[in-house]
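Student: Predicted model, plus sequence, below.
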Amino acid sequence: MASISRVTRKSRCYIKGLALRFNISVNLKPKYITEQVKQRVLNLAKKGFHRKAIAALFQISSGSVEQIISSEPSLVKNRKQFRYESKRRRYKVEILKFVRHNPFSIKQEIKKGCYAAYYWLYVNEKKWLYLTLPSPIKPKPLARINWDKRDRELAPQVEAILNKSKVVMSRTKLDEAIGGHGWLTRYAHKLPLTMAVFQKIK
């Protein structure tokens, strides 16, 4: 094995992998990975066991398990399918749990809460994802404000605050005193009665 590695300038692991793929016996020490062990590893791999679990069972490295599995091209393909199915089930359950525990959540909240699952399903299971996500909610238009009514209500409040104040108040300070809504700064032009009181008392 070492001489072949030197001639080909390939690693011993690469040479060993080729030998296993073409069913060529490898005379390496230690001789723990026998043909029987190899077959048992392949049987467990076919059943979907993780390479780390197989390695722990036979007390060999994960790399050795991976090398044995790689010698069977059809098995590699099947295991990729197993991983795909496992990930699909896991991510679907994650999305369903989030929706069940947050029944009023919107699409953006689900995306933020299940980031990896959302994007994996978006790429691989888009149809299922769109059927599972809640329907988009149409934004409710803001109710129109009755500025005349608000002006009549604010005028006495502003007058009372200004009469109690011992210092001259700016519109910004006065706006903060009535709640900081921006009515006396951004919408002052819609409140003629209130602004008249402000100009009179200030």
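Tutor: Now that the structure is in, tell me what you want to look at. Everything quoted here is computed from the prediction, not taken from an experiment. Numbers count the residues shown, from 1 in each chain.

Student: going forward, measure contacts between C-alpha atoms and count neighbours the same way
Tutor: OK.

Student: Can you give me the pLDDT of the residue nearest in space to the middle of the chain?
Tutor: Nearest to the mean C-alpha position of the chain, counting by Cα atoms, centre = their mean, stands Tyr115 at 1.0 Å. Per-residue pLDDT puts Tyr115 at 94.

Student: any idea how far it is from Arg9?
Tutor: Note on Tyr115: its distance to Arg9, by Cα to Cα, to the nearest Å, is 44 Å.

Student: next one: Leu174
Tutor: 84 Å.

Student: Those two - which one has more neighbours?
Tutor: A side-by-side neighbour count of Leu174 and Arg9, using other Cα atoms under 10 Å, places Leu174 first with 20 against 11.

Student: helix, strand or coil for the more buried one?
Tutor: Using DSSP: H, G, I helix; E, B strand; the rest coil as the criterion, the local structure at Leu174 reads helix.

Student: Show the pLDDT at it.
Tutor: On the pLDDT scale, Leu174 is placed at 86.

Student: Check which residues of stretch 61-76 are buried.
Tutor: Within stretch 61-76, the residues scored as buried using 16 or more other Cα atoms under 10 Å are Ser62, Ser64, Val65, Glu66, Gln67, Ile68, Ile69, Ser70, Ser71, Leu75, Val76.

Student: which stretch of helix or strand covers the fifth one?
Tutor: In this assignment (DSSP states H and E), Gln67 forms part of helix 62-70.

Student: what's downstream of that helix, the next helix or strand?
Tutor: Using DSSP H and E, the helix or strand that follows helix 62-70 in sequence is helix 73-101.

Student: so how far is Val158 from the closest residue to Ser105 other than its chain neighbours?
Tutor: In this structure, Ser105 finds its nearest non-sequential neighbour in Val99, 7.0 Å apart by Cα to Cα, 6 or more residues apart in numbering. As judged by Cα to Cα, Val99 and Val158 stand 48 Å apart.

Student: Could you do Pro73 as well?
Tutor: According to Cα to Cα, Pro73 stands 82 Å off from Val158.
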